[in-house]
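Participant: sharing a sequence plus its predicted fold:
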Amino acid sequence: MVSLSNHILDTFFPRQCVGCKRYDQFLCVHCRMNNLEPEHLPIDQSEKNSVHISSITTLGEYRNPVVQRLVKELKFHHAALVAQELGSLLADVLKQSLPAMIESGALLMPIPLHSRRKRERGFNQAALLAHAIEKALPEHTLVVNEDMLIRTKHTVSQTTLEDEQRQKNVSGVFAVSKKSLPSLSGATIILVDDVITTGATIQEAAGVLAALQPRIIHTVAIARGR
Ligand SMILES: [Zn+2]
């Protein structure tokens with residue numbers, strides 16, 4: 001019955017566009033065209049700050065107020081429904097920019113919240129996004145894995161910090177679960193987060209996963225910048 005009532009909620013919940021307030025979707029097609037700037041950015045591995053990460057795929061600039069409202073909705077309001085919409089947009093960008101990866105498969109790993117924050121919020125918005133991306137690809141080649149990457153320390157929100165403090169704040173917060181495979185040799189990983197600002201968080205997570213020797217690590221998020 002739970003899934004049935006969720007389905008009814010999904011179907012009938014009035015979605016209001018965060019851009020123009022029209023009842024349609026959380027971001028109507030018109031506002032999507034005017035506010036999103038999907039970007040797939042390959043990263044030069046030789047750059048000092050980008051060890052382990054091969055590309056960053058995002059939907060728009062965080063400084064755009066409509067994008068900011070979307071991220072807020074994802075974190076605090078209609079999380080699951082917003083995730084559905086954004087996940088399917090992200091899946092479209094991935095299909096266009098990394099078609100070979102979509103064909104060969106990858107693990108979608110949401111950046112974990114510390115258990116305390118997850119309890120407070122009730123869900124991890126990055127995990128909702130990851131599941132939405134998986135669902136949006138009928139090929140089922142991208143599979144969510146929420147068990148391998150874990151967060152061992154509770155930290156203050158990155159958004160309150162200056163650049164130099166951000167790196168320090170996330171240093172040592174992630175670990176690989178003892179239950180996970182000894183090796184991810186040859187695997188492709190896609191790290192999923194809501195906003196990528198300095199990249200300190202995804203960098204830290206990728207560094208921890210690199211010990212399992214994946215072939216390549218991509219990252220996706222709703223927004224980039226600040
Ligand atoms: Zn609109």
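Facilitator: Nice, I can see it.
Participant: you'd agree residue 170 is up against residue 199?
Facilitator: No: with contact defined as CB atoms under 8 Å, residue 170 does not reach residue 199; the gap is 10.3 Å. The way it works is simple: take the backbone N, C-alpha and C, and place the C-beta from them, glycine included.
Participant: and stretch 184-193, end to end?
Facilitator: 21 Å (CA to CA, to the nearest Å).
Participant: mind listing what's buried in it?
Facilitator: Neighbour counts over stretch 184-193 (16 or more other CB atoms under 10 Å) mark 184, 187-193 as buried.
Participant: tell me the one of those residues nearest residue 64?
Facilitator: residue 193 (17.6 Å; CB to CB).
Participant: circling back to that earlier point, so what sits against both of residue 170 and residue 199?
Facilitator: Common neighbours of residue 170 and residue 199 are not found (criterion: CB atoms under 8 Å, 6 or more residues apart in numbering).
Participant: point out where the chain drops to low pLDDT.
Facilitator: Within the chain, the segments meeting pLDDT under 70 span 1-12, 46-51, 158-159.
Participant: tell me the residues on it that lie near the ion, please.
Facilitator: 17, 19-20, 28, 31 (CB under 5 Å from the ion).
Participant: would a markdown table of those residues with distance to residue 162, secondary structure and neighbour count be doable?
Facilitator: Formatted as a markdown table, the residues of the chain next to the ion follow (distance: CB to CB, whole Å; DSSP: H, G, I helix; E, B strand; the rest coil; neighbours: other CB atoms under 10 Å):
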| residue | distance to residue 162 | secondary structure | neighbour count |
| --- | --- | --- | --- |
| 17 | 34 | coil | 19 |
| 19 | 31 | coil | 21 |
| 20 | 35 | coil | 13 |
| 28 | 36 | coil | 19 |
| 31 | 32 | helix | 20 |
